[in-house]
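S.K.: Give me coordinates for this.
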Amino acid sequence: MSEQRTALVLGGGGITGIAWEIGVLAGLAEAGVDLGTADLVVGTSAGSVVGAQLRSGVDLPALYERQVEPAGAERVARLGRSTLARYGVAMLLARRDDAAFRRRVGAVARSAADSGRTPTEAERRDAIASRLPDPGWPDRPLVVTAVDAESGEFTTFTRESGVELVAAVGASCAVPGVYPPVTIAGRRYMDGGMRSPANADLAAAYDRIVVIAPLPRGVGPLTSVDAQVTGLVSRVAVVSPDQASLSAIGKNVLDPAAREPSARAGRAQAAAVTARVAEVWQG
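M.R.: The predicted model follows:
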């Protein structure tokens, strides 16, 4: 029998999504299910940060402890009503045309950055770099997703892309209208979650897949996790926040004050999903 290849897919979900995912991963590892052994890690938005952290070689207890530290003076960001309204208009005008939607949202992202309504690219680069234990790409396969903010084209970055890890992760985390698109080789890139909350289909060739998705549902042209994994011949487990985790995460996924409770909730939730995840990963 051929070796079963494993993939870990980490979805988007803001600052709280990073914390919750690390909490889930830490709780699973404590229970004997170490997803850090994955042959492939796919990271979208928050998941790109977690993927880079997981592949860095820093152990999960240390990554978890970092998430439960006091938030300090870190800036609170939020998706304002006007930005959400622009997303809604983009969905209506695109009429479920995925690329057209991404181009329209890309225009929102570029306009917000060019008019000074977001931090500068340099400020965001510093913020992203502070979250990465190692600025270099890991040796083991990591895929980071992004979207071209002008063409709407979905893009993936890997070690072989010739793009700095901090730039790739920054692009994947560039929430349109909140953070500036990241300029890479003359192109501007935004959040990979503008195609799908997790882009789980990138792992379709793998035999055993675990998807950890703070925001599993797609809205409008955004493809949901369930839609992407339905019909795969792979063995798949999808983990999304339970009610306790949703309460801990709260309404603003970009609020650093919710980081600690989100991490603790994720770690607690791991106990309830360990058997299901282990069956896929180890069974």
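S.K.: Go ahead and confirm residue 279 touches residue 210.
M.R.: No: Residue 279 is beyond contact range of residue 210, at 10.5 Å (criterion: CB atoms under 8 Å). Bear in mind the C-beta positions are built from the backbone N, C-alpha and C, glycine included.
S.K.: Identify the contacts common to those two.
M.R.: Contact criterion CB atoms under 8 Å, 6 or more residues apart in numbering; residues shared by residue 279 and residue 210: residue 237.
S.K.: quick one: which of those two has more around it?
M.R.: residue 210 (28 against 13; other CB atoms under 10 Å).
S.K.: and that one, helix, strand or coil?
M.R.: Secondary structure, DSSP: H, G, I helix; E, B strand; the rest coil: residue 210 is strand.
S.K.: swap in residue 155?
M.R.: strand.
S.K.: Pull the number of nearby residues for it.
M.R.: The burial count for residue 155: 20, using other CB under 10 Å.
S.K.: Hmm, it is touching residue 144, no?
M.R.: No: using CB under 8 Å, residue 155 makes no contact with residue 144, being 9.2 Å away.
S.K.: overlap in contacts of those two?
M.R.: residue 192.
S.K.: what number of residues lie near the residue nearest to residue 45 when sequence neighbours are not counted?
M.R.: Of all residues not flanking residue 45 in the chain, residue 12 sits nearest, at 3.1 Å (CB to CB, 6 or more residues apart in numbering). By other CB under 10 Å, 30 other residues sit near residue 12.
S.K.: Can you tell me the closest non-neighbouring residue to residue 166?
M.R.: residue 129 is the one closest to residue 166 (CB to CB, 6+ apart), at 4.9 Å.
S.K.: Quick check: phi and psi on the one you found?
M.R.: phi -60, psi -30 (degrees, to the nearest 10).
S.K.: Please look at it and residue 135 and confirm they touch.
M.R.: Yes: between residue 129 and residue 135 there is a contact under CB under 8 Å: 6.5 Å.
S.K.: any common contacting residues for those two?
M.R.: If you check residue 129 and residue 135 against CB under 8 Å, 6+ apart, the residues they both contact are residue 166.
S.K.: more neighbours, these two?
M.R.: Per other CB under 10 Å, whichever of residue 129 and residue 135 has more neighbours is residue 129, with 15 against 12.
S.K.: Got phi/psi on the nearest residue to residue 121 once chain neighbours are set aside?
M.R.: Nearest residue to residue 121, sequence neighbours excluded (CB to CB, 6+ apart): residue 180, at 5.1 Å. Taking degrees, to the nearest 10, you get phi -80, psi 150 for the backbone angles of residue 180.
S.K.: Report the contact partners of residue 180.
M.R.: 109, 112-113, 118-121, 124, 174.
S.K.: ditto for residue 15
M.R.: 46, 253-256, 258-259.
S.K.: Just the pLDDT at it, thanks.
M.R.: On pLDDT, residue 15 comes in at 96.
S.K.: same thing with the one 10 residues further on?
M.R.: For residue 25, the pLDDT comes out at 98.
S.K.: and it, how many residues sit next to it?
M.R.: 28.
S.K.: my guess is it meets residue 33, correct?
M.R.: No: assessed by CB under 8 Å, residue 25 is found out of contact with residue 33, at 9.3 Å.
S.K.: burial measure for residue 119, as a count.
M.R.: Neighbours of residue 119 (other CB under 10 Å): 17.
S.K.: Against residue 256, how distant is it?
M.R.: Going from residue 119 to residue 256 by CB to CB, to the nearest Å gives 14 Å.
S.K.: okay, now residue 88: neighbour count?
M.R.: With other CB under 10 Å as criterion, residue 88 counts 12.
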